Every structure is written in C-alpha cells, then in structure tokens.
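Engineer: need coordinates for the following:
(chains A and B)
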Amino acid sequence: MVDITKPQVDAVLVGFGWTGAIMGMELTEAGLKVVALERGENRDTYPDFAYPRIADELTYGIRHKLFQNLARETLTIRHSPGDRALPYRQLGSFLPGTGVGGGGVHWNGQHWRVLPEELRLKSHVAERYGKSFIPDGMTIQDFGVSYEELEPCFDQFERVCGTSGKAGNLNGTIVEGGNPFEGQRSQEFPLPPLADVYGASLFARAAKDLGYHPFSEPASNASRPYTNSYGAQLAPCNFCGYCERFGCYRYAKASPQTTILPVLLKKSNFELRTQSQVVRINLDSSGKRATGVTFIDAQGRTVYQPAELVVLCAFQLNNTRLLLLSGIGKPYNPATGLGVVGRNYTYQMTGGVLVFFDKDKPMNPFIGSGAGGQVIDDLNGDHFDHAPLGFIGGGYVGVIQTGGRPIQQMMLPKGTPQWGAQWKQAIKDHYLYTVNVQTHGTVMAHRDNYLDLDPTYRDVFGQPLLRMTFDWKENDIKMTQFVTGKAKEIAEAMGGKSIEVGMKQFGEHYDTRLYQTTHNVGGAIMGEDPRSSVVNRFLQAWDAHNVFVMGSSVFPQNIGYNPMGLAGALAYWSAKAIRTTYLKTPGPLVQA
Amino acid sequence: MALAPAFVIVGCAPLSALRTSSAHVNLPRYFTWEEWAFLHAACARLIPSDENGPGAVELGVPEFIDREMDGAFGHAANWYMQGPFASALPEFGYQSPLTPRAVYRAGIAAVDAYCRRMFGNKSFSELPSTTQDSVLTDLENGALDFENVSGKTFFGFLLQNTKEGYLADPIHGGNKNLESWKMIGFPGARADFLDWVDKHGARYPFSPVGIMGRKG
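Structural biologist: Purely as a prediction, here's the structure:
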C-alpha cells in the first residue's frame, strides 16, 4: 500500500542525529546522493534554542519539549522474561531524542573515547583473571575492533566537535594533568580544558590528596572560539547552566547543528526530509539485500524510498526495533541463547555522594557547563585489581556541575520533609551549598537482559512496540558499591559539613521513574561471529550487506564512559570502510 | 517580606471571599470554584507563607496549575495512554488511564467529600490548617485512598505541580516577582556566568531575572 515511490538514491539514512550527520557528510563527500529521513521536526540554534526562551526549566527540563513524544511511540519494560511488560508511559529513567540533531541537541557533551581493554573485554578478563571469572549468565564479548584502529576516528570526531580537554597519554608518553589511564592519543585535544567551578576544584584537591589522578573531563563544550575541520564555528561556553535537556543558544556545545549541518545541508547531493518516520526496511526476494525503506510522511502517506545503501542512524532502541520489524537478523531468544537481534541490551550504573557545605562556602550551582568538571579514572576499566573484588567493570567519579535548575536539580538531605515550612527552609539552606560527586559506570551484558517486540502494545502507526527486559545484576551492584564507596572517601575530604551516599543496593530493581542516563546500548551488537552479533566490525549487517547500523546499539556491553565519543568514532570507522572498500565492490566486508 | 493583605486571607478563605478577592481577577480556566478553593487551601499548606518569604498562593501557583490543566501536561498529551492498563510495581511508573486533569477533578472531589464526612460537613478549604496538614499527610502516605482515584497519585501531582509553579519562570503563571528564586539565590534566566566560574567561594551578587526580562 505505497502511495508514493521516490526516485532511487545511493544511500538513505534513517534518523538524523549525530551518526546521521556524520554519515551524511562522509557519504556525500564520496559523491553519493544521500537522503536523510528524520521522524521529528527540523530544529536549529535559531529559532529553536534562542535566548531567552531556552532558559526555561519547566518547558525543556521538566516537560521535555525536545524529547521523543511517547504518545506516538514508546516501549514496554519488565524486569525478567516471566513478567508482563508495561508501557513506559511517561519519560523517566532515560530520555530518547527526536528531531534534527537527535540526542546531539540536548546531550551534555561529555566526550570520552573508550578504554583499550573495554573493546576486547571478554578476552582481556579471561587473560588477566581466567575464563571462570566471568560469571554464569554474563554474556560479555569483544567489539571486534581495536583501540589502535579506532584512534584516527576518535581524533576526527573530537576535531569536528572542538572537544576541550587535556591529553594524559600523548603517543605513549604520560602527561601531567591529563588522564594517565587513557588509551594513547595521536595529538592534544583541539581546545584546552574548561575552567573549573568551585566544587570541581574541591573534588580535584581531595582526590589528589588521597592518591588519585584528577583531570578535566573531556568536554564538547568549547573553551575557546573554534573553527572545526569542516569550517563550522563554535563560540566559547559561558556556563549558562541550561545544557543537558536544552539546545545550546551560544553555539558552544558541539551538536550536528553547530558542527556539521551548516556544511552538509548546503550540498546538492544531500536531502533532508523531516517528519518522515521509517516503518520498515524493504528487502528483495532473497531476503538478504535491502532495496530501500518505507516511511510515513507528514501527511500520513506511505512512501517507498529505494536506495542502494540503508544506514540506520536512529537512537539505539529504534535501530534495534527497526531490524526486528523488518526481519533482518534472527531475533534473540533468551531461553536458548540463540539469535542475535535484541541480544545484550545494557544500560549504565550511576550513583553519587552529596556534600553539604556551610553557608560560608556558596557553590553557585547555577554556574554550569554540560561536561566541564574534574574526574578520576582510577576506578574505571581494569585500572585496579578486580580479583579480590569479584566483579567486572568500573566507572569514573567526579564533579560535573551542569546547572542549578531548581525544580530538577535541588539537592536536599534525606529525611527532609517534602513540603511545608520545613521544606521551604531546607531549599533555602541547601540550594547554594551542595555539591554532587557523581559515579558513572559499566553495566555488563547478561543472558536475560534483552530487547524484542511487545506482543500487546502498539505505536501510533499500529506497529508493535519494542519490549525491554532488564534488571540490575549482582555484578553491577558490586561495581557501584565499590566505586561509590571510594567516592564517599573523596567526598568526605572535600571540606563539607556532612555527606550523603546514594547508590543501588543488592536486591534493588531497575526503576523506570527516576532519570539515570540515556546511555542505553546494545541490541544490534557488533562482533566477530554472526552467531553472536548483528553487525560485523565495520557495522555492516551480517544478514544484509547493504544495511549498516550506527550508534550505541552496536556496543556488546556498556563501557564506563559516556558513549557518544565511541559511537561517533565508530560512525567514522564504518564510513571509512564503506568509502574505501564497500563502494568499490559491494558485498560483505567480513566473510561469515 | 511585606505581604499584601489580600493574599494572606486567601489560604483559608471561604468560597464567597475567593470569588470577590482582588487576588483572583482571572477566572480559572479549568477548575470549578469549589476546586479553586481547595487548590488555594492546599497550596497554602504545601508551601506556606512565612518569615522566609511568600508561599505558593502568593506566588500564583494555583493560576499556574490551572494553566497546566489546559496544556499538554493536563491532557497527558505526550504520554503513552493506550491500553490495556494494569497495576504494577511502582518502579514501572504511571500506569493509570486518568489524565492529570482527571486526577485533579476526581481527587479534589474525593478529598472534599471525605472532609465533609469526617469534619462536620466542612470542605477541605474550610478546615483549620492543622487538620488540612493531617489530611495532606494521609494522602502522601497512602493512608487516605479513594475508589475512583489513587490518593497518593493525586497528592503526587499536586505536590509536584505546586513546586513547579513556585520555582518555574513567571511566564508560566507562578513565581510572581521571582520571589522563590530570590529566597534560594537562583539567578534565573541570566544564563551567562563565564566571568564567575573561577570566583571560588564568592557569593554571586546579582538578583534574578526572568525570561521576559523582569528583575527580581
């Protein structure tokens, strides 16, 4: 029931956030005719993020103006395969983006790479601790690509974003002031670190005194004026305090809008169509090759877009769902462990320690950038001996003060009454004088944490919703208790009058209500074996060689860092393989 | 903090006073007069006026909530509201077919009916503040529940929206004169602090400003 058939193009991009913009740029540079289909609306710095309207916590921070409208499409969630899944009716634990720029509009700009050992996690753990250290039911894997291979792509993405930071490992030489644990960099960051707010400097001092190695978090919030590798210009971040959940009014936060679209949208071989929701990838009669995609346009018409190449650039959950809806790859079955699509869904684990200060130490929480701050990496990856601790993974710890927006970011001691004169007194007493030491870490893949299609609930187009089956596992709780426990010791040394630890406890279940992180990963994972991965090391689908899958959907398990730096680098890595090899001889880039 | 006398009486004003009060020149868009009286009384207890500054009623929170009822929030316009609906562990979030505006309608009627039954035919707004507080506490704890609406859910919306109206930018109808921001020290929509980042330990000296340019 196709109403309209569009002329054939060389490549169609499904979704137009960070990876869509990167792929659009790379494939048009290769001379391809490219069409991007974005389900949401068009957005740009002006008028959509313009001051002063953007400085509106209620509209953007609380009512989620820039995020996915769940009335049209959501997912269902349950804790274990035997449970009944229920719809994620209100945004809570994670906030998927929509519209041009996707999550790249309202992310913080926390721009990490990955630790070399995390890309070959299963092999690394087996080598150092023995195979039996990986518990039953944990299904971690290697990515199938090495840090050395990805290094130029990390660098490329950082130069697009104008990332602010300080290298800790320059071509193998450890540099004072940077992260001594990071994989080696071929060159210094494009921009120096952002300035530190008071709380971050107190954290750095306390951490250093305790023997840790604090450094400035890599931030794609420009610390200086910057012209990127495409000629797009960024202005310095002014610490406005309206970063994550908001678009940047200052042209300071790296986003597709600030770094790529000014160039890409002018190209004659590129076309962007908004309000175009892709509902299916079309396959030829062999079922092994995509012929294009079917989408619903703004007027509700069903449109067929033929294309030689289909690149999935949507959010992790949506990429996985589209593969399932299109019948590409065998759906994962947790009972047998067979099948791949939907396998190894993971999340990230957050915790924190609040430090309450006396009134002679105003922390001015409203002075905030998305990603500026001081952190330590000593407790991440395999930077410490896991053998006596009995878990895999870790996380980073630090103070990243993103704003003091009073509805969402008010931090009060436990036990404070929720209303009345005492609540009012408490917000007066604590608003200016509280710092949050955050922990942010891994979640390992497990056999019964996965994604499939929901048998009951449907979206506005009548298609099945995605169903998430996820709960915390013992490994993840052990990790956060260890890392947050160490964070507590640092917090205690920061000079506050009291502290308060917040972390997950054994037996605690995944709570969909409270915001934790939008670092949902997996479901269409990359790997070396088609029996345990959906895409190969070049992000090419094993089951349809002209379908490529971008984004954190390809992570076999979650890393300790924020995922965008890795997702961006993988997009450049995949684009390079398409440009140098695939376009010359279309076919599988890796033989199964 | 000087308070206009008209504001002070509103918290426990009888219905007839509300209708004529100069503080309420605008008709509520969604709420009935009976609901409006409840909302004023409840807001006055949730964030009272005291020596720290004016409370929710004085800052226009009832007007804020009334506007929200007419907007996307009140209609749950951006929530997935397709059935089937089922009860679940709290971890799975909102699972009711009721929109927030329907929860307020049912919740206020249920609380007022309960109060009239328990407290000599007096509605919530006519009760002494200590009794109002104990009714609100029972709602918060789940000790007071109803056939047509969850008392806890209703209280959750009421408290969340009261805080929102109190702390949000005045363009949404509450936080008049940026009073809550002045009390806590939030500069509002100034959104430009590059020259203050490294002034560690210094108190930010400027008063808040709202999106419409109004200074507090």
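
Engineer: going forward, measure contacts between C-alpha atoms and count neighbours the same way
Structural biologist: OK.

Engineer: which residues of the stretch 351-500 of chain A fall in helices?
Structural biologist: Applying DSSP state H, counting those that start in this stretch to the stretch 351-500 of chain A gives helices spanning A:420-430, A:474-492.

Engineer: again with chain B
Structural biologist: Taking DSSP state H, the helices of chain B run over residues B:5-10, B:15-20, B:33-46, B:61-70, B:100-118, B:129-141, B:151-167, B:179-184.

Engineer: for the record, mean pLDDT for the fifth one?
Structural biologist: When the per-residue pLDDT values of helix B:100-118 are averaged, the result is 98.

Engineer: mind listing what's buried in that helix?
Structural biologist: Applying a neighbour-count criterion of 16 or more other C-alpha atoms under 10 Å in any protein chain shown, one finds B:100-116 buried in helix B:100-118.

Engineer: can you find the helix or strand in chain B with the smallest mean pLDDT?
Structural biologist: Within chain B, no helix or strand scores below helix B:5-10, which has a mean of 36 by mean pLDDT, DSSP states H and E.

Engineer: find the closest residue to chain B in the stretch 101-250 of chain A.
Structural biologist: Residue nearest to chain B within the stretch 101-250 of chain A: residue A:240 (3.9 Å; C-alpha to the nearest C-alpha).

Engineer: how about the CA coordinates for stretch A:298-313, as CSV?
Structural biologist: C-alpha atoms of stretch A:298-313 as CSV (Å, rounded to 0.1, in the frame of the first residue of the first chain):
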residue,chain,number,x,y,z
ALA,A,298,4.0,14.3,7.4
GLN,A,299,0.6,14.0,5.7
GLY,A,300,0.3,10.3,6.7
ARG,A,301,1.1,8.9,3.2
THR,A,302,3.1,5.7,2.8
VAL,A,303,6.2,6.4,0.8
TYR,A,304,8.8,4.0,-0.6
GLN,A,305,12.3,5.3,-0.9
PRO,A,306,14.5,2.9,-2.9
ALA,A,307,18.2,3.0,-2.0
GLU,A,308,21.4,1.1,-2.7
LEU,A,309,22.5,1.5,0.9
VAL,A,310,20.5,1.7,4.1
VAL,A,311,22.2,3.2,7.1
LEU,A,312,20.3,3.1,10.5
CYS,A,313,21.2,6.2,12.4
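
Engineer: contact partners of that stretch?
Structural biologist: Here stretch A:298-313 makes contact (C-alpha atoms under 8 Å, 6 or more residues apart in numbering or on different chains) with A:1-17, A:19-20, A:274-276, A:281, A:290-297, A:319, A:546-551.

Engineer: measure how far it is from the centre of its chain, please.
Structural biologist: 25 Å (C-alpha atoms, centre = their mean, to the nearest Å).

Engineer: does residue A:119 touch residue A:145 like I think?
Structural biologist: Yes: Residue A:119 lies in contact with residue A:145 (C-alpha atoms under 8 Å); the separation is 6.8 Å.

Engineer: list residues touching both of the two?
Structural biologist: Common contact partners of residue A:119 and residue A:145 (C-alpha under 8 Å, 6+ apart): none.

Engineer: leaving out chain neighbours, which residue sits closest to residue B:200?
Structural biologist: Spatial nearest neighbour of residue B:200, excluding adjacent residues (C-alpha to C-alpha, 6 or more residues apart in numbering or on different chains): residue A:198 at 4.9 Å.

Engineer: what is the burial count for that neighbour?
Structural biologist: Neighbour count of residue A:198, defined by other C-alpha atoms under 10 Å in any protein chain shown: 24.

Engineer: cool, residue A:578 as well?
Structural biologist: Residue neighbour count, defined by other C-alpha under 10 Å, stands at 24 for residue A:578.

Engineer: phi, psi for it please.
Structural biologist: Dihedral angles of residue A:578 (phi, psi; degrees, to the nearest 10) stand at phi -60, psi -50.

Engineer: what's the nearest residue to residue A:360 if we skip its chain neighbours?
Structural biologist: Excluding its sequence neighbours, the residue lying closest to residue A:360 (C-alpha to C-alpha, 6+ apart) is residue B:201, at 7.6 Å.

Engineer: so what's that neighbour up against?
Structural biologist: Residue B:201 sits in contact with A:198, A:360-363, where contact means C-alpha under 8 Å, 6+ apart.

Engineer: tell me how far the one residue sitting closest to the centre of chain B lies from chain A.
Structural biologist: The geometric centre of chain B, computed from its C-alpha atoms, lies nearest to residue B:162 (C-alpha atoms, centre = their mean), at 2.3 Å. Taking C-alpha to the nearest C-alpha, to the nearest Å as the measure, residue B:162 falls 10 Å from chain A.

Engineer: ok, that residue touching residue B:60?
Structural biologist: No: contact criterion C-alpha under 8 Å: residue B:162 and residue B:60 do not qualify, at 9.7 Å.

Engineer: what sits against residue B:169?
Structural biologist: Contacts of residue B:169 by C-alpha under 8 Å, 6+ apart are A:56-58, B:175, B:178, B:188, B:210-211.
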